[in-house]
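Chemist: sequence and predicted structure below; questions after.
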Amino acid sequence: MDKNTGSGVGVLDKAALVLSALEAGPLTLAQLVSSTHLARPTAHRLAVALEYHRLVTRDMQGRFILGPRLAELASAAGEDRLLAAATPVLVALRDHTGESSQLFRRKGDQRICVAAAERSMGLRDSIPVGATLTMHAGSAAQVLLAWEEPEKLHRGLQGSEFTATVLSAVRRRGWAQSIGEREPGVSSISAPVRGPSGRVIAAVSVSGPIERMGRQPGRQHAAAVVASANRLTEVLKRTEGL
């Protein structure tokens, strides 16, 4: 490596070389050495160290490939962009519908409210930012589970208030609704926010009392919720790679 092009931290520069080489696809150790021009022991030592930190892993043939930690870091960066864009979108949704609005992200077997806009007056049905809720009930839980891989979807349905048939309908129409499912007397509508890869990474919701929203809240508010979720999806697409 040209000393003039490095950061001055040699081991970090060499590790970056390994990651950059793997960006093109799986490599055997010999191919990694050829691509990076590192000494074989150095390339092997760095690849194994990166593997320990989950920045590198191996495929079924034992070749080195980029690891899952990189996707997790990219997701975290995407969340920062998502949160930066969420507040004005949620405020506009609240003002349009007259109901509290929220943004949820999944964390394991729970979902977390990461942004919200409450009604400015009257009964407040908003869920506070940071609140941790179940993945077994509510329209946001339905949205966050509906597009999962079959095995995860089946596992997520165990103990849930909704069924596979309900999730099939969510996928078909692109939004979910719940009526007293998570909390008696409360309705909600949710729609998916997708990352640049197309994977569902969050759910935009509005919630309010059944007596105000009715027992078919989607008829009133689904279009607005879907439009808001799509706005956030577009933000993430535009900022990809920045």
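Modeler: Done, it's in.
Chemist: let me know the next secondary structure element after the longest helix along the chain.
Modeler: Determined from DSSP state H, the single longest helix within the chain is helix 68-97. Note on helix 68-97: by DSSP states H and E, the next helix or strand toward the C-terminus is strand 100-107.
Chemist: what about the helix or strand following that following strand, average pLDDT?
Modeler: Next helix or strand after strand 100-107 toward the C-terminus (DSSP H and E): strand 110-117. If you average the pLDDT over strand 110-117, you get 90.
Chemist: other residues contacting strand 110-117?
Modeler: With contact meaning C-beta atoms under 8 Å, 6 or more residues apart in numbering, strand 110-117 is reached by 79, 82-83, 86-87, 90-91, 93-94, 100-106, 126-135, 138, 140-141, 144, 202-203. Using the backbone N, CA and C atoms, a C-beta is placed for each residue, glycine as well.
Chemist: which ChimeraX command selects the buried ones in the residues you listed?
Modeler: The following ChimeraX line selects those of these that are buried, judged by 16 or more other C-beta atoms under 10 Å:
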select :79,82,83,86,90,93,94,100,101,102,103,104,105,106,126,127,133,135,138,140,141,144,202,203
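Chemist: pick out the residue closest to the middle of this structure.
Modeler: Nearest to the geometric centre of the chain sits residue 201, at 2.2 Å (C-alpha atoms, centre = their mean).
Chemist: got the angle between the helix or strand of the chain with the lowest mean pLDDT and strand 100-107?
Modeler: Across the helices and strands of the chain, mean pLDDT, DSSP states H and E gives its lowest value to helix 68-97, namely a mean of 81. Helix 68-97 runs at 170 degrees relative to strand 100-107, counting by axes from the mean of the first three to the mean of the last three C-alpha atoms, to 10 degrees.
Chemist: and the closest residue in space to residue 136 that isn't next to it in sequence, what are its phi and psi?
Modeler: Nearest non-adjacent residue to residue 136, counting by C-beta to C-beta, 6 or more residues apart in numbering: residue 160, 4.5 Å away. Backbone torsions of residue 160, given as degrees, to the nearest 10, read phi -80, psi 160.
Chemist: which ones are touching residue 160?
Modeler: By C-beta under 8 Å, 6+ apart, residue 160 lies in contact with 135-137, 141, 145.
Chemist: returning to that earlier point: residues near the residue nearest to the residue nearest to the centre of the chain when sequence neighbours are not counted, how many?
Modeler: Residue nearest to residue 201 in three dimensions, not counting chain neighbours: residue 195, with 4.5 Å by C-beta to C-beta, 6+ apart. Per other C-beta atoms under 10 Å, the neighbour tally for residue 195 reads 19.
Chemist: residue 195 contacts residue 234, correct?
Modeler: No - in this structure, residue 195 is not within contact of residue 234 by C-beta atoms under 8 Å, at 11.8 Å.
Chemist: strands of this protein, start to end?
Modeler: For the chain, the strands defined by DSSP state E occupy 56-58, 64-66, 100-107, 110-117, 132-134, 176-179, 186-194, 200-209.
Chemist: closest one to residue 168 among the ones you listed?
Modeler: Checking the strands of the chain against residue 168 by C-beta to C-beta gives strand 176-179 as the closest, at 11.3 Å.
Chemist: any idea how far residue 180 lies from residue 200?
Modeler: The gap separating residue 180 from residue 200 is 24 Å, by C-beta to C-beta, to the nearest Å.
Chemist: these two: who's more crowded?
Modeler: More crowded of residue 180 and residue 200, by other C-beta under 10 Å: residue 200, with 19 against 14.
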